[in-house]
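**Student:** Here's my sequence, what's the structure:
(one chain, ligands or ions: 1)
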Amino acid sequence: MATERTLSIIKPDATRRNLTGKINAKLEDAGLRIVAQKRIAMTKEQAEAFYEVHRERPFYGSLVDFMTSGPVVVQVLEGDNAVAKNREVMGATNPADADAGTIRAEFAESIEANSVHGSDSAENAAREVAFFFSDDEIVG
Ligand code: GDP
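**Tutor:** Presented below is the predicted three-dimensional model:
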């Protein structure tokens, strides 16, 4: 299996409830290494650009408001098959559909306030990692 990197975001619903450590433990227990991490207040412009692909969706405005409603923790995860592994640990977008033991099953509040983001392909991971981090901020 190839070592990959993927972008993870701990969303405002989770930072508000002080869940960063519990979510990081789930990621590390799954074998993912947190090789970069910073807590930021996403600007409206950043959130709009990051979720550009969803611009036409009815929830776009609400999603941008939510992602700027409090601090987020952006992180780069590294490991074998990191993109797919992180999606597995996250669970389904809607927590009602998420498998037991996943981050979203345990922590998410709603389909929107679902505690974490994770890149959904290697191509998007490369783009999303570069969106938040320069190479010298990532230490594997
Ligand atoms: P993900 O890859 O599992 O995060 O899901 P998507 O890429 O489909 O959606 C991006 C984010 O938009 C999700 O993580 C949610 O925060 C939000 N979202 C997705 N679907 C809905 C929806 O039907 N309603 C609302 N309000 N938000 C949604």
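
**Student:** Get me the contact residues on this protein for the ligand.
**Tutor:** The chain has residues 59, 62-63, 93, 111-112, 114, 117, 120 near the ligand, with proximity defined as CB under 6 Å from any ligand atom. Yep, even glycine has a C-beta here, placed from its N, CA and C like the rest.

**Student:** Of those - the most surrounded one?
**Tutor:** For the residues of the chain next to the ligand, neighbours were counted using other CB atoms under 10 Å, and Asn114 has the most, 23 neighbours in all.

**Student:** What distance do you get for that one to Glu123?
**Tutor:** To Glu123, Asn114 is 23 Å away according to CB to CB, to the nearest Å.

**Student:** just Ser110 next, same as before
**Tutor:** In this view, Ser110 and Glu123 are 28 Å apart by CB to CB.

**Student:** Do you know the pLDDT at Ala2?
**Tutor:** pLDDT for Ala2: 86.

**Student:** residue contacts, it?
**Tutor:** 80-81 (CB atoms under 8 Å, 6 or more residues apart in numbering).

**Student:** ditto for the one 4 residues further on
**Tutor:** Contacts for Thr6 (CB under 8 Å, 6+ apart) come out as 76-77, 82-83, 86, 118-119, 125, 128-129.

**Student:** what's the closest of those to Glu28?
**Tutor:** Using CB to CB, the shortest approach to Glu28 within those belongs to Leu77, at 9.4 Å.
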